[in-house]
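Chemist: next come a sequence and a model predicted from it.
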Amino acid sequence: MSPDLDSRVVAEARAWIGTPYAHQASLKGVGCDCLGLLRGVWRAVIGAEPQAPGPYAPDWAEASPDDALMRAATRWLVPAHGVAPGRVLLFRWRPNLPAKHCAIATSATTMVHAHDGASVCEVTIPPFWRRRIAGVFGFPDAARRHLPAGEVGRASGPEGRSRRAPTD
């Protein structure tokens, strides 16, 4: 994670503001969900996505105890500490549920995210959201972009086993 990379992530996330919410979509200005926002920022800043999420239902996190979003984040992103510009934030609604929502921090107190019924927006991170942060990650820098052999495009789900992929 570098200041230049973080500033590019923030700028790209902000470029998605106003994109309407659309489940499973990932097209800036057209539609996206929270995972689609993260995927679109990855494509713009890093390059080709390392893995396609495959189709997923809106209730994927409630339908399975599998913590697919956390597992995928741990696999492709860099674990980080503290909310800071350019960091990916994962949220879980209750301690016993899988992480179900993601956002990109634009400062220590604000984030860009997509949620059902609204366009992508930048909002403050109030206590309600802070209490639900399940993980903080950074985008990989050039030194960490090398993917395991055979990983790109191989899987239909977060680990290639599940068709229920992470979203919000």
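Modeler: Perfect, I can see it now.
Chemist: and the next element down the chain from the worst-scoring helix or strand of the chain on mean pLDDT?
Modeler: Among the helical and strand segments of the chain, the one scoring lowest on mean pLDDT, DSSP states H and E is helix 60-63, with a mean of 62. Downstream of helix 60-63, the first helix or strand assigned by DSSP states H and E is helix 68-76.
Chemist: any idea of the mean pLDDT in that next one?
Modeler: What helix 68-76 shows for mean pLDDT is 93.
Chemist: helices or strands next to that helix in the packing?
Modeler: For helix 68-76, the packing partners by 3 or more C-beta pairs under 8 Å, 6 or more residues apart in numbering; DSSP states H and E come out as strand 88-91, strand 133-138. Quick note: C-beta positions are derived from backbone N, CA and C, even for glycine.
Chemist: what about 6 Å?
Modeler: strand 133-138 (3 or more C-beta pairs under 6 Å, 6 or more residues apart in numbering; DSSP states H and E).
Chemist: okay, angle between the strand it packs on and helix 68-76 too, please.
Modeler: Angle, strand 133-138 to helix 68-76, by axes from the mean of the first three to the mean of the last three C-alpha atoms, to 10 degrees: 20 degrees.
Chemist: and strand 133-138, which strands flank it?
Modeler: When pairing is defined by DSSP bridges, strand 133-138 lines up against strand 78-79 (antiparallel), strand 88-91 (antiparallel).
Chemist: out of these, which is closest to Arg39?
Modeler: Smallest distance to Arg39 across these (C-beta to C-beta): 11.3 Å, for strand 88-91.
Chemist: which residues does the closest one contact?
Modeler: The contact list for strand 88-91 (C-beta atoms under 6 Å, 6 or more residues apart in numbering) reads 73, 77, 99, 101-105, 132-137.
Chemist: so is Gly40 in a helix, a strand, or just coil?
Modeler: At Gly40 the chain is in helix, as set by DSSP: H, G, I helix; E, B strand; the rest coil.
Chemist: let me know the pLDDT of it.
Modeler: Here the pLDDT value assigned to Gly40 is 98.
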